[in-house]
Each structure stands twice: as C-alpha cells, then as structure tokens.
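Engineer: got a structure for you, letters missing:
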C-alpha cells in the first residue's frame, strides 16, 4: 500500500490543483464579465459623440471651414 507520506503528498497535490483551478476560474470569470461592460461603455460613448457631432453639424462645420479658408486665401 501507499505510505502515509505519499498519501499526504498526493492529498496536497490534489488540494493545490483544485485551489489553483478555482482561482483561475474565478479570475477568468471576472475578466469575461468586465469585457461586455467595457464594450457597452465604448458603444455608449460613441453614440454620445455621434449625437454631439451628427452628420448635419459636421457638414455645417465643413462649410464654415471652407468659407473661412476661402476668405483667408482670397485676401
């Protein structure tokens, strides 16, 4: 049969492996939970930027910019 020392080493290795597996699983779970939050935050920020600088305001800005450049260069 297996000696007491070998049993203790085997038990320690099994418990260590189980503990490491649990820690790795929890860390991965936290990482995967944080990814969708970060992506939704980026999507919300891009929607806010689009609302502030929509197509209409961008085209108006381009028109004003072109007029200003024309005035400066034609003087």
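Structural biologist: Done, it's in. Values in this document were obtained by computation on a predicted structure and should not be read as measured data. Numbers count the residues shown, from 1 in each chain.
Engineer: confidence score at residue 21?
Structural biologist: Listed pLDDT for residue 21 reads 93.
Engineer: Going toward the C-terminus from the helix or strand residue 22 falls within, what's the next helix or strand?
Structural biologist: Take DSSP states H and E as the rule and residue 22 turns out to sit in helix 4-52. Remark: after helix 4-52, the chain's next helix or strand is helix 55-74, criterion DSSP H and E.
Engineer: Mind listing what's buried along that following helix?
Structural biologist: Residues of helix 55-74 include none that count as buried (16 or more other CB atoms under 10 Å). (C-beta placed from N, C-alpha, C; glycine too.)
Engineer: How far off centre is that helix?
Structural biologist: The chain centroid and the centroid of helix 55-74 are separated by 37 Å under CA atoms, centre = their mean, to the nearest Å.
Engineer: and it, what's its mean pLDDT?
Structural biologist: Helix 55-74 carries an average pLDDT of 82.
Engineer: now swap in stretch 31-39 and tell me
Structural biologist: For stretch 31-39, the mean pLDDT works out to 76.
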